[in-house]
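Enquirer: please find the sequence and the predicted model below.
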Amino acid sequence: MSYDPDNIFAKILRNEIPSTRVYEDDATVAFMDIMPRADGHLLVIPKTPCRNVLDASPEQLSAVMQTVQKMGHAVLKAFDADGVTIQQFNEAAGGQEVFHLHFHVLPRHEGDRLRPPGNMGDREQIEEHATKIRAALG
């Protein structure tokens, strides 16, 4: 399988599609999921092309995991969460829908349930959540 440079996350990286970014460094970007399964649900991606964990370089994985950890701490603080769910899927049979490496970071509270997938979130509420995460990053 080859990398498709026209996938939605590649377009977000090129600013061809808007996103609500909460963090960016030289190697990664974190932005809000537009179909959040929990308040504060965000995605972390590398800035360089790779389909998923199976073809990512050690450098890409290291950079992304550092940002995933940073975002995990930020959502814990921003939402006074009890824990964090981190999800990552590889290839269609593994549940992957966008073929650019990405990790889901979802703040969780004891006893809560994730919302069903595929439902568009409220843009204003997503922006409010992004503001809380940015503030938690300091």
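Expert: Yep, it's here.
Enquirer: in stretch 84-104, what's buried?
Expert: Within stretch 84-104, the residues scored as buried using 16 or more other C-beta atoms under 10 Å are 84-85, 88-90, 96, 98-104. Every C-beta, even on glycine, is put in place using the N, C-alpha and C of the backbone.
Enquirer: among those, which two are most distant?
Expert: Using C-beta to C-beta, the two most remote members of the buried residues of stretch 84-104 are Val84 and Phe99, lying 24.5 Å apart.
Enquirer: centre-most residue in the protein?
Expert: Leu43 (0.5 Å; C-alpha atoms, centre = their mean).
Enquirer: for that residue, what are its contacts?
Expert: Residues counted as contacts of Leu43 (C-beta atoms under 8 Å, 6 or more residues apart in numbering) are 9, 30-33, 102-105.
Enquirer: let's see stretch 108-117 as PDB, backbone CA atoms only.
Expert: Listed next in PDB are the C-alpha coordinates belonging to stretch 108-117 (Å, rounded to 0.1, in the frame of the first residue of the first chain):
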ATOM      1  CA  ARG A 108     -12.000  10.100  30.200                       C
ATOM      2  CA  HIS A 109     -13.900  10.300  33.500                       C
ATOM      3  CA  GLU A 110     -14.700   7.400  35.700                       C
ATOM      4  CA  GLY A 111     -17.900   5.700  34.500                       C
ATOM      5  CA  ASP A 112     -18.300   7.700  31.300                       C
ATOM      6  CA  ARG A 113     -19.000   6.100  27.900                       C
ATOM      7  CA  LEU A 114     -17.700   7.200  24.600                       C
ATOM      8  CA  ARG A 115     -20.200   8.700  22.200                       C
ATOM      9  CA  PRO A 116     -20.900   6.700  19.000                       C
ATOM     10  CA  PRO A 117     -18.500   7.200  16.100                       C
END
